[in-house]
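Undergrad: Sequence and computational prediction follow.
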Amino acid sequence: VQLQASGGGLVRAGGSLRLSCTASGRAIGGRNMFWFRQAPGKERELVAGIRKSGGTTSYADSVRGRFAISRDNAKNTVNLQMNSLKPEDTGVYYCAASLDSDTTFRPRYWGQGTQVTVSS
């Protein structure tokens, strides 16, 4: 499965951005989907995930209540709505997908990343 992330950009603190991830090659309906981010000088971290069945979501403590992950299996897309952005949200955001029918909630396929920069 190929993943294409978009929607990044430069925004002021307190602003919002909506990231989109479009999958091609394979359907995402049977896959857990994720958004990760990597800030300069830091390791890649999980921001949000959404399960294949029932759409149960999980978030990093640092973004809970501000970010919302959603999926549209018919359109093969996953979105990340980011509100009340902070400078510490700056980084490259990556979309990721698990294997089909995955039970481990781990990513296997990665998109190319989209840059998010939040100015103070």
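TA: Looks like it arrived, so ask away.

Undergrad: CA atoms for contacts and neighbours, from now on please.
TA: OK.

Undergrad: what about Thr103, neighbour count?
TA: Applying other CA atoms under 10 Å, we find 12 residues neighbouring Thr103.

Undergrad: Could you report the pLDDT at it?
TA: On the pLDDT scale, Thr103 is placed at 84.

Undergrad: Then Met82?
TA: Checking the pLDDT column for Met82, the value is 98.

Undergrad: what's near enough to touch the residue nearest the centre of the chain?
TA: Geometric centre of the chain, nearest residue: Trp35, 2.3 Å, by CA atoms, centre = their mean. By CA atoms under 8 Å, 6 or more residues apart in numbering, Trp35 lies in contact with Leu46, Val47, Ala48, Gly49, Leu80, Tyr93, Tyr94, Cys95, Ala96.

Undergrad: for Tyr93, same thing?
TA: Neighbours of Tyr93 in contact, by CA under 8 Å, 6+ apart: Trp35, Phe36, Arg37, Gln38, Gly113, Thr114, Gln115, Val116.

Undergrad: do the same with Leu80
TA: Here Leu80 is in contact with Arg18, Leu19, Ser20, Trp35, Phe67, Ala68, Ile69, Ser70 (CA under 8 Å, 6+ apart).

Undergrad: among those, which two are most distant?
TA: Ser20 and Phe67 (13.1 Å; CA to CA).

Undergrad: mind checking pLDDT for the residue lying closest to Thr57 once chain neighbours are set aside?
TA: Distance criterion CA to CA, 6 or more residues apart in numbering; nearest residue to Thr57, sequence neighbours excluded, is Ile50 at 4.4 Å. Per-residue pLDDT puts Ile50 at 97.

Undergrad: Check the burial of Ile50 by counting its neighbours.
TA: 23.

Undergrad: and which of the contacts of Leu80 is nearest Ala5?
TA: Distances from Ala5 to the contacts of Leu80, taken by CA to CA, are shortest for Ser20, at 5.6 Å.

Undergrad: Find the nearest non-adjacent residue to the closest one, please.
TA: Ser20's closest residue in space is Asn79 (CA to CA, 6+ apart), at 4.4 Å.
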